[in-house]
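Peer 1: I would like the atomic coordinates for the input below:
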Amino acid sequence: MTVRDLNQTYCESIINQCLACGIHTFCVAPGSRSAPLALAAKRLARVYTHIDERGLGFFALGIAKTQGLVAVICTSGSAVANLIPSAIEAYQSHIDLCYLTADRPSELIAVGANQAIQQPGIMQPNIAGECHLPAPTTKTDIEQALETISQTLAIRGPVHINIALREPLYGDGPIFSQVIQAPSITAKPRLSAAELPPLASKTMLVAGELTVSEAQAVLTLAEHFQLPVIADINSQLGNHPLVLTAAHHIELPRVERILQFGGRIVSKRVNQWLANAWVSSVEEKYNGQRYDLVRSNVHRLDPSGQAIEWHASIEATCQHLADQQPEPALNHPAINQSNAFDQYVDSQAFGELKACKLIATHLPSDWQLMLGNSLTIRLFDQLTTRRHRIISNRGASGIDGLIATACGAAQFAPTLLVVGDMSALYDINSLFLLARQSNAGLSNSELSNSGPSNAGHPIIVVVLNNQGGNIFDMLPASGLSEQSELFTMAQPVSFENLARGFGVNYRRCEDERALLSVLLSAKSNQQSMLVEVVATPFEATSQLKAFRYG
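Peer 2: Numbering: from 1, shown residues only. Below you'll find the predicted structure:
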């Protein structure tokens, strides 16, 4: 039995057990990790949907108050945390409510894997009971798992059932294909950069999420050794002959040494390359091939389990390596930075991809660029043009709180945020912050007549409105009959009316000229605003597929 078939059988058994325990209504939020549960619920029971887990939890609470026991299904990561407010209310009101949350398998927890957080116990002490079910295998005792669910559901009050699932989850396999997981290595991280051996042989540098000062140190090291650097969108590196951006479109070589600084790599292709290019024994790595990862924090950042991890200052490590070899003579793989994707984007009609390229190219370089998660950051990660300090919430890669985060960042520098329509709706109350931020740049006399204001700089929120969660068109949900109802969840919202209602300046961009006007006036125009880029649904994902597969 394949993992995909095992997930389907397991999740259908879980939903049937819920039915047997009296749950006939399931409230579902869009998500990939939870897809096997959502699909099973759709096939077997009554389903309601909502784009926002916080609102969905309270919607389910309303059903539970009037109709009895109901279950909420959501994906992993911060989505689960957004259910806590409704769990608190259910617990204090003594209402029976079941939270079915999908989770990453154990080997992806606490190693830097994307959207992987500690979910067991996350709702304590505001629930009446909980259980955690590990990812199923062919040896899983399903009957015992179902008995555990029955015992948990027998507890009065809100309960949390956390269910780990492995990829491939469902469908025919994602286009953003999953990382193949190697056995996890538990060797203790080295703490001293002085132990890191000198660079030698064919070496490739990789830059993950870095601060500005760390990025400068890595670039100085690269220049010292004349080594290429594969740079993540969050690396703060770009527009340099040695910096390789848009790694998704580069032929990644097999090399004898990789030295990675920082983690949280957005590109799954790069993650695959890191995971699959190395032997799985720490001892063997000292006899030829090596993959070292230097991180400045105490948390692991290697979901593949293949790296020798070092907990040390990145700046100090780079200086130490340069001092070891003052006159370096290293070989490095010859890699050509391809601009083919950028040229392809230039040839397309105005839409999400073209809008991202225009922002990367024409936004004033002294502005910060904050990127939303899901599809947005992946679009920018595939462009070679990088001129700005990049901000993102990639710790748990959630779509919640992005507008609020950008408004906070704009207290110290002008900021442009790019988000999808679903992410914008998820944090729509933060337009109140944007309205207050709109006063940035006004004179004192104008401020006295404009009401309360946050100190700070102007902020532009660009909403890429493609009518729903188009990221799922790049995942196995594409083509499923349930895609629209359970995953994409197209929305008919007027962002103009929302902006006006909060007192926020609004611009609608349906062509290149309109967006260029906003970007070119950003330096002189101190007024914050919401800019809606009107995009054809699935146009950007279709363009990505066309470029990649012809």
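Peer 1: Read off the pLDDT value for the spatially closest residue to C18 that is not a sequence neighbour.
Peer 2: Spatial nearest neighbour of C18, excluding adjacent residues (C-beta to C-beta, 6 or more residues apart in numbering): A71 at 5.8 Å. (C-beta placed from N, C-alpha, C; glycine too.) Note on A71: pLDDT of 98.
Peer 1: Give me the distance between A71 and A20.
Peer 2: 13 Å (C-beta to C-beta, to the nearest Å).
Peer 1: More neighbours: the two, which one.
Peer 2: A71 (27 against 12; other C-beta atoms under 10 Å).
Peer 1: That one bridge partners, please.
Peer 2: For A71, the beta-bridge partners are F26, C98 (DSSP bridges).
Peer 1: Correct me if wrong: it contacts C27.
Peer 2: Yes: A71 is in contact with C27 according to C-beta atoms under 8 Å; the separation is 7.2 Å.
Peer 1: Now do the shared contacts for the two.
Peer 2: Residues touching both A71 and C27 (C-beta atoms under 8 Å, 6 or more residues apart in numbering): A60.
Peer 1: so where's the stretch 451-550 of the chain uncertain?
Peer 2: 451-455, 549-550 (pLDDT under 70).
Peer 1: Please, where are all the helices along it?
Peer 2: Under the criterion DSSP state H, counting those that start in this stretch, the stretch 451-550 of the chain contains helices at 495-502, 512-520, 539-549.
Peer 1: N470: which of those is closest?
Peer 2: helix 539-549 (5.5 Å; C-beta to C-beta).
Peer 1: Only the buried residues of that closest one, if you could.
Peer 2: By neighbour count on 16 or more other C-beta atoms under 10 Å, the buried set for helix 539-549 is E539, A540, T541, Q543, L544, F547.
Peer 1: Please tell me how far A307 sits from S484.
Peer 2: Counting by C-beta to C-beta - A307 and S484 are separated by 40 Å.
Peer 1: show me the contacts for D96.
Peer 2: A64, G68, L69, A90, R156, G157, P158.
Peer 1: same thing but at 7 Å, please
Peer 2: A64, L69, R156, G157 (C-beta atoms under 7 Å, 6 or more residues apart in numbering).
Peer 1: just curious, which of the residues you listed is nearest to Q118?
Peer 2: Within the contacts of D96, the smallest distance to Q118 is 22.4 Å, found for G157 (C-beta to C-beta).
Peer 1: Looks like T203 contacts P253 (just checking).
Peer 2: No: between T203 and P253 there is no contact under C-beta atoms under 7 Å: 11.2 Å.
Peer 1: Compare neighbour counts for those two and give me the winner.
Peer 2: T203 (20 against 14).
Peer 1: hey, what's the more buried one bridged with?
Peer 2: R257.
Peer 1: Which one of A307 and S484 is surrounded by more residues?
Peer 2: Neighbour count, other C-beta under 10 Å: between A307 and S484, A307 has more, with 29 against 13.
Peer 1: Contact partners for the closest residue to the more buried one other than its chain neighbours?
Peer 2: What sits nearest to A307 in space, not counting adjacent residues and going by C-beta to C-beta, 6+ apart, is L293, at 3.9 Å. Contact partners of L293, counting by C-beta under 7 Å, 6+ apart, are Q260, G263, L301, D302, A307, E309, W310.
Peer 1: Please repeat the previous calculation with a cut-off of 8 Å.
Peer 2: Contacts of L293 (C-beta under 8 Å, 6+ apart): Q260, F261, G263, L301, D302, A307, I308, E309, W310.
Peer 1: Look up which helix or strand it falls in, please.
Peer 2: Counting by DSSP states H and E, the element that carries L293 is strand 290-295.
Peer 1: Relative to that strand, what are the paired strands and their orientations?
Peer 2: strand 257-261 (parallel), strand 308-311 (parallel).
Peer 1: Q337 is nearest to which of those strands?
Peer 2: Across those, closest to Q337 is strand 257-261 (C-beta to C-beta), at 18.3 Å.
Peer 1: Can I get the following helix or strand past that closest one in PDB? Just the C-alpha atoms.
Peer 2: The first helix or strand that comes after strand 257-261 along the chain, using DSSP H and E, is helix 268-276. The C-alpha coordinates for helix 268-276 follow below in PDB (Å, rounded to 0.1, in the frame of the first residue of the first chain):
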ATOM      1  CA  LYS A 268      11.700  23.000  -2.500                       C
ATOM      2  CA  ARG A 269      14.000  22.200  -5.400                       C
ATOM      3  CA  VAL A 270      17.000  23.500  -3.400                       C
ATOM      4  CA  ASN A 271      15.800  21.600  -0.300                       C
ATOM      5  CA  GLN A 272      15.700  18.400  -2.400                       C
ATOM      6  CA  TRP A 273      19.200  19.000  -3.700                       C
ATOM      7  CA  LEU A 274      20.500  19.500  -0.200                       C
ATOM      8  CA  ALA A 275      18.600  16.400   1.100                       C
ATOM      9  CA  ASN A 276      19.600  13.900  -1.600                       C
END
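Peer 1: Verify the contact between S296 and E214 for me.
Peer 2: Yes: using C-beta under 8 Å, S296 is in contact with E214, at 7.0 Å.
Peer 1: Who has more neighbours out of these two?
Peer 2: E214 (24 against 18).
Peer 1: how about that one, what does it touch?
Peer 2: Contacts of E214 were listed using C-beta under 8 Å, 6+ apart, and they are Q236, F261, G262, S296, I314, E315.
Peer 1: Dump the residues you listed to JSON lines, plus distance to V531 and pLDDT.
Peer 2: JSON lines is the format used below for those (distance: C-beta to C-beta, whole Å; pLDDT from 0 to 100):
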{"residue": "Q236", "distance to V531": "24", "pLDDT": "96"}
{"residue": "F261", "distance to V531": "34", "pLDDT": "96"}
{"residue": "G262", "distance to V531": "31", "pLDDT": "93"}
{"residue": "S296", "distance to V531": "35", "pLDDT": "89"}
{"residue": "I314", "distance to V531": "35", "pLDDT": "95"}
{"residue": "E315", "distance to V531": "37", "pLDDT": "95"}
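Peer 1: Remind me which helix or strand the residue most central in space within the chain belongs to.
Peer 2: Closest residue to the average C-alpha location of the chain: S397 at 3.1 Å, with C-alpha atoms, centre = their mean. Using DSSP H and E, S397 sits within no helix or strand.
Peer 1: Now the helix ranked longest in the chain: buried residues?
Peer 2: Counting residues, the longest helix found in the chain (DSSP state H) is helix 3-20. Judged by neighbour count using 16+ other C-beta under 10 Å, the buried positions of helix 3-20 are 3-4, 6-8, 10-15, 17-18.
Peer 1: and if you look at stretch 220-236?
Peer 2: 221-222, 224-225, 227-236.
Peer 1: before we move on, back to that, go through the buried residues of helix 539-549 and name the one nearest A404.
Peer 2: Set against A404, the nearest of those by C-beta to C-beta is A540 (25.5 Å).
Peer 1: how close does the closest one sit to Q467?
Peer 2: Distance from A540 to Q467, by C-beta to C-beta: 12 Å.
Peer 1: returning to that earlier point: from L108, how far off is the residue nearest to C18?
Peer 2: As judged by C-beta to C-beta, A71 and L108 stand 25 Å apart.
Peer 1: and what of A522?
Peer 2: On the measure of C-beta to C-beta, A522 and L108 end up 40 Å apart.
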